[in-house]
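A.B. asks: Pasted the sequence and its predicted model underneath.
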Amino acid sequence: MRLELGNFFVNKVTFGEVTGFSNGTLTINKEEAIAFVKEDEHITECDIMIANPGDETRIVPVKEAIEPRAKVDSKAAAFPGVTGDLSQAGIGRTNALKGCSVLAVGKHWGSFGDGLIDMSGEGAKYTLFSQLINICLVADTDEEFERHSQQKKNKAIRWAAHRLAEYLAKAVENQDPDEMEVLELGSISKRGSQVEELPSVVYIMQPQSQMEEKGYNDLLYGWDLNQFLPTLVHPNEVLDGAMIGGSYMCCSSKFSTYDFQNNPTIKRLYREHGKTVNFLGVIMSNLNVSLEQKERAIYFVAKLASMIGADGAIIAEEGYGNPDADFIGCISALEDLGIKTVGMTNECTGRDGRSQPLVTLDEKADAIVSCGNVSDVVELPAMKTVIGELEALSRDGMSGGWSSDEKLGPSVRPDGSIIMENDSMFCGDQICGSSPKQVREF
Amino acid sequence: MQMCNLIPVAVTVGANKIVPTVSIPYPLGNPSLSEEEQWKLRHHRVGVALDALTEDIKEQTVFKVKI
Amino acid sequence: MKKAVLYINQFFAGIGGEEKADHAPEIREGVMGPGLALKASLKNAEITHTIICGDNFMGSNTEEAIEIIGGFLEDIEFDIFFAGPAFQAGRYGVACGTICKYVEEKFGVSTITSMNDENPGVEMFKKDTYIFPGGKSAAAMRQDTKKMAALGDRILAGEKRFLAEEEGFFPRGIRHQVWREDGLIAADRAVDMLIKKMAGEEFVSELPIPKLDRVPIAPPVMDLSKATIAIVTSGGIVPIDNPDKIQSSSATRWGRYSIAGLDRLESGVYKTIHGGYDPTVADANPNVVVPLDVLRVYEKEGKIGKLHDYFYATVGTGTSEAEASKMAGEMIPFLKEAGVDAIIQVST
């Protein structure tokens, strides 16, 4: 499979007459863009706001992040099964607007899996998204059935953000990219002896699929990963819009669509391919709730890894708590087959840092990269501007926020300063691989 | 007596008497069954748990359930 | 100038060896013995008092020793507490750990000690106080007290968090996130680790698997038909208005709710507020989490003596072990008072 990513480096986003890209500046005709978003009648209110790195801006509740992408010379959708009909992702050419992301932001209402982004100050280091120019789609919807639910599908606003991301990237359709990134990985069985002599490595992803009702979980080509068995996926498919982030998991643990599109572990394995390792591909698994489902997925992952001849594996878990059982179970099953495994996860050690870091442990899991701790308490000053609604952090059951606490008071204080757990930092633990954080002993 | 679905978690944290349940969101139910069948399942598994309380075990034990 | 207190045993106080190991606790003003070495390195505090206790007294009459020493400390002001160094002396090491743990919990003051890694006090108390790996004998006095003083000075200067690996004390099982100075991202760390692991080279896991806690096995219930059984759940089932405002994750609160006279939990009257699972089924029938309906039948049949009049609930997602133990500690007196013989704990 060969994918050409036409990268356009965006260093400024502004509003103007014509939506287009020139000399590093992405201009958006706001009225037209809003009209396009509102083609979905479930979007009742909608605005687009720009947040730049360094702005004294807090964005909350953030539901999703997407890098603007569009397929070139083809009618295929950038997010097949979501923004258009199904087509093969990971082949052909895709334009990408780098350095920016489209954020789905609730105008009022937050939910359990939503997150917070500070664009400057101490809070900025908690999330990668403070380093991007964020095109914030701030919207409300007619989804009355879940308005006051803690768990929300957030479908209308997430889909609107996917559509807007594609709409924006279409603006560069006829332009030459600043950089052409070619990602090519051929058949596993026909790589020649030089590559095949290298240790073979498979990357295993465990995206979130705990909700049994459709509409919350991560998607593969629009397919809900709850009703799913692990399968082989080409790394290009992950990078090219086949994977869509969900609306369930505690936010710092979450993989947004942006994180799938830019997965740094896949990128690094691509760079090592043919030099130090033979990169076999990706096994896409899931994280269901019942033990039987967990065990079934574990057997499938281990079997697939063994069938394709993996010597080593890297496995990344989107979540903590009961998904640790899938994560540790998978590592243990792979090690039993002689496949050397490295796990990537975050930890939940409690506010005092003393709790058992994962709910399931096994001595076979002897190589773990620990990307963050969901329970670290973060206290941040007020920001000049809030995009969205700050009160959501206290009011709406976001996983790292609270309405009252005997010792700490509410998460949102009258002066606009906040106290929260890292748990709700938007995709803060970057288990896909860009986390500069590590958990250590004190 | 711990009734839970995630046996590996219960074993890791050191629970000694464990009776398996159906799933995380519905430990003692199952929406794919009728109300009556669910009641039977719940009755059976809680019965196993009650009997297990009287067992003199020497190590962590996961008790078997039939339905 | 801030104030420090040092704890030493009868031997290092010059009172005597084994024959004086029953020496009762005493407090003296000023510095003596190991305190002189500690004083030489400690910049941010003056050692105002030395507490002396015989190792056997502490070992055999621990509660009494703690009570006496606690009484001494209540009468003085101090900002930091040192003990030892205990080197390889087992009883002395355990005594240093015991008193440090107590002082830290009771007075909220940081405590620092030092002992050889073979000293049993290390395993027993490394989670409760800062313990530096020390030498085997008093020959290491100067270097061991120097390490204790250096950390003490930084604590007194207002620093709060110290990395075990960098400072050199035994890891305390306290884990927090840090930003790596080299900025190396997780993807690179994982691939580098895997390449080393596949090549059979040394690598360092970022999450060493800790030793697992074991719980003593409770004696069996002798006669179920006379026993009182209670239901406890971490599944977040509460009356619909959540009267105790239990949090939907990282809970610190719990509630007990009367089920006297009820044959089942009705939907619409009870619900789950647990944030970590799909609530649809539990909301429609809370008995799938709190199996009141079937337990009532077992009670009527006489299989169990009595079902306790309350069920106990909290939320288990993201809840720390410390909070969970605290909540259990709060529930237990109610359960004991009602003569509950056994608990069925349903988790989600």
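C.D. replies: Received the coordinates, thanks. As the structure is a prediction and not an experimental result, all values here were calculated from the model. Residues are numbered from 1 along each chain as shown, chains lettered A, B, ... in the order given.

A.B. asks: for A:Met1, what are its contacts?
C.D. replies: Going by CB atoms under 8 Å, 6 or more residues apart in numbering or on different chains, A:Met1 touches A:Gly90, A:Ile91, A:Glu184, A:Leu185, A:Gly186, A:His234, A:Asn236, A:Glu237. In short, each C-beta sits where N, CA and C put it, glycine included.

A.B. asks: With respect to chain B, which of those residues is nearest?
C.D. replies: A:Glu237 (29.6 Å; CB to the nearest CB).

A.B. asks: that's a helix at the closest one, yeah?
C.D. replies: Yes - looking at A:Glu237 with DSSP: H, G, I helix; E, B strand; the rest coil, it is inside a helix.

A.B. asks: Give me the pLDDT for it.
C.D. replies: Here the pLDDT value assigned to A:Glu237 is 98.

A.B. asks: Please apply the same query to B:Arg45.
C.D. replies: On the pLDDT scale, B:Arg45 gets 98.

A.B. asks: on that earlier part again, buried subset of the contacts of A:Met1?
C.D. replies: Among the contacts of A:Met1, the ones that count as buried by 16 or more other CB atoms under 10 Å in any protein chain shown are A:Gly90, A:Ile91, A:Leu185, A:His234, A:Asn236, A:Glu237.

A.B. asks: can you pull out the helices in the chain?
C.D. replies: The chain I'm using is chain A. A:30-37, A:155-169, A:192-196, A:235-239, A:257-261, A:264-272, A:291-307, A:323-336, A:392-395 (DSSP state H).

A.B. asks: ah, I was thinking of chain B
C.D. replies: B:7-13, B:35-53.

A.B. asks: So which residues on the stretch 51-200 of chain C come close to chain B?
C.D. replies: Residues of the stretch 51-200 of chain C lying near chain B by CB under 8 Å from any CB of the partner chain: none.

A.B. asks: that older thread, deepest in the core, which of the helices of chain B is it.
C.D. replies: Comparing the helices of chain B on average neighbours per residue, with mean count of other CB atoms under 10 Å in any protein chain shown, the densest one is helix B:7-13 at a mean of 21.

A.B. asks: pLDDT averaged over that one - what is it?
C.D. replies: Mean predicted lDDT for helix B:7-13 stands at 90.

A.B. asks: Kindly report the same for stretch A:215-222.
C.D. replies: Stretch A:215-222 comes out with an average pLDDT of 98.

A.B. asks: In chain B, which residue sits nearest chain C?
C.D. replies: Taking CB to the nearest CB, chain B has B:Gly29 as its residue nearest chain C, at 3.1 Å.

A.B. asks: pLDDT value on residue 142, please?
C.D. replies: In the absence of a named chain, this looks at chain A. 98.

A.B. asks: hmm, I had chain C in mind actually
C.D. replies: pLDDT, read off for C:Arg142, is 97.

A.B. asks: what's near enough to touch it?
C.D. replies: Contacts of C:Arg142 (CB under 8 Å, 6+ apart): C:Ala37, C:Ala40.

A.B. asks: Kindly provide the distance from it to C:Pro85.
C.D. replies: Separation of C:Arg142 from C:Pro85 (CB to CB, to the nearest Å): 10 Å.

A.B. asks: C:Gly329 now?
C.D. replies: Distance from C:Gly329 to C:Pro85, by CB to CB: 34 Å.

A.B. asks: Settle it for me: which of those two has more neighbours?
C.D. replies: C:Pro85 (32 against 9; other CB atoms under 10 Å in any protein chain shown).

A.B. asks: you'd agree the more buried one is up against C:Ile131?
C.D. replies: No - at 9.8 Å, C:Pro85 does not count as touching C:Ile131 under the criterion of CB atoms under 8 Å.

A.B. asks: Common neighbours of those two, please.
C.D. replies: Contacts common to C:Pro85 and C:Ile131, judged by CB under 8 Å, 6+ apart, are C:Thr113, C:Ser114, C:Met115.

A.B. asks: Let me know the closest of the residues you listed to chain A.
C.D. replies: Nearest to chain A among the shared contacts of C:Pro85 and C:Ile131, with distances taken as CB to the nearest CB, is C:Thr113, at 17.0 Å.

A.B. asks: mind listing what C:Glu26 touches?
C.D. replies: Residues near C:Glu26 by CB under 8 Å, 6+ apart: C:Ile51, C:Ile52, C:Cys53.

A.B. asks: do the same with A:Glu143
C.D. replies: Contacts of A:Glu143 by CB under 8 Å, 6+ apart are A:His42, A:Lys152, A:Lys153, A:Asn154, A:Lys155, A:Ala156.

A.B. asks: which stretches of the stretch 201-348 of chain C form helices?
C.D. replies: C:280-284, C:292-301, C:321-337 (DSSP state H, counting those that start in this stretch).

A.B. asks: deepest of those, which one?
C.D. replies: helix C:280-284 (a mean of 20).

A.B. asks: gap between it and the chain center?
C.D. replies: Here helix C:280-284 is found 36 Å from its chain centre; the criterion is CA atoms, centre = their mean, to the nearest Å.
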